[in-house]
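Take this sequence and fold it.
(one chain, ligands or ions: 1)
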Amino acid sequence: MYKKNILIKKRCICGGNLKEEINFGKLPLINDFKKVKTIKYPTIISQCPKCFLVQLKYAVKDSLIFPKNYSYLSADSDEKIKDYKDLIAKISSRFLRYKPMIVDIGGNDGSLMQIAKKRNFSEMNIEPTNVANISKERGIKTLKKKFNSRTANDLKKKNYYLISLFLLIFLHILII
Ligand SMILES: [Zn+2]
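A predicted model of the protein is given here:
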């Protein structure tokens, strides 16, 4: 039943052949654990021996992972917010003097960019789901779009992004 919605990743984005490391069996998609009847997907962690990127062997269609009504919010995790503050502090100490714009790909509710904005970065959150509206309401510059080559080229034309963050993105998307 799930097979039409998955792609088996045999190669890493760098071209390396992926090697299976951990098999978690079949699991529901994120935020779908409470439903009684739910589709479960094989969850196998692979690693690339060439660049060491850890990623899922079976990639589920992004329209299922990121539905229009996405319920996960970064702001719900105190640990995540603490990590975000640490990350922005590190980036700030190295790069803020260059006054770069910082862009968060798949930035959810804008929590990370809100911290960056408070540190005087120019910020941009690119988020395709409904939680982009929360980001906008927080006053974060937000592009409610899927990040793909077209979006990247549009940003490149504007020529003002220096720092791009992809937190937990590469490991489960199919195509950039
Ligand atoms: Zn690789």
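
Other residues contacting the lengthiest helix in the chain?
Using DSSP state H, we find that the single longest helix of the chain is helix 78-95. Defining contact as Cβ atoms under 8 Å, 6 or more residues apart in numbering, one finds that helix 78-95 is touched by 74-75, 102, 111-112, 115-116, 119, 121, 162-163, 165. Where C-beta positions appear, they are placed from N, C-alpha and C, glycine not excepted.

ok, now with 6 Å
74, 112, 115-116, 119 (Cβ atoms under 6 Å, 6 or more residues apart in numbering).

Just the buried ones among the residues you listed, please.
Neighbour-count burial (16 or more other Cβ atoms under 10 Å) applied to these gives 74, 112, 115-116, 119.

which of these are close to the ion?
The subset of these within reach of the ion, by Cβ under 5 Å from the ion, is empty.

tell me which element the residue lying farthest from the centre of the chain falls in.
Here the chain reaches farthest from its C-alpha mean at V36, the gap being 27.3 Å by Cα atoms, centre = their mean. Using DSSP states H and E, V36 falls within no helix or strand.

quick one: it and M124, what's the gap?
40 Å (Cβ to Cβ, to the nearest Å).

what's the answer for N69, then?
Distance of N69 to M124, computed by Cβ to Cβ: 23 Å.

Neighbour count for these two, which is higher?
Neighbour totals were compared for N69 and M124, and M124 leads with 23 against 8 (other Cβ atoms under 10 Å).

what phi and what psi does the backbone show at the more buried one?
When read as degrees, to the nearest 10, the backbone of M124 gives phi -150, psi 130.

quick one, longest strand in the protein?
In the chain, ranked by residue count with DSSP state E as the criterion, the top strand is strand 19-28.

Parallel or antiparallel, which strands does that one pair with?
Here strand 19-28 is paired, per DSSP bridges, with strand 40-47 (antiparallel).

Pull out the buried positions in the next helix-or-strand element following the partner strand.
The helix or strand immediately downstream of strand 40-47 is strand 54-56, counting by DSSP H and E. Using 16+ other Cβ under 10 Å as the burial criterion, the residues of strand 54-56 that qualify are 55-56.

which helices and strands sit right next to the helix or strand following strand 54-56?
Sequence order places strand 58-60 as the next helix or strand after strand 54-56, per DSSP H and E. Where contact means 3 or more Cβ pairs under 6 Å, 6 or more residues apart in numbering; DSSP states H and E, strand 58-60 is packed against strand 6-8.
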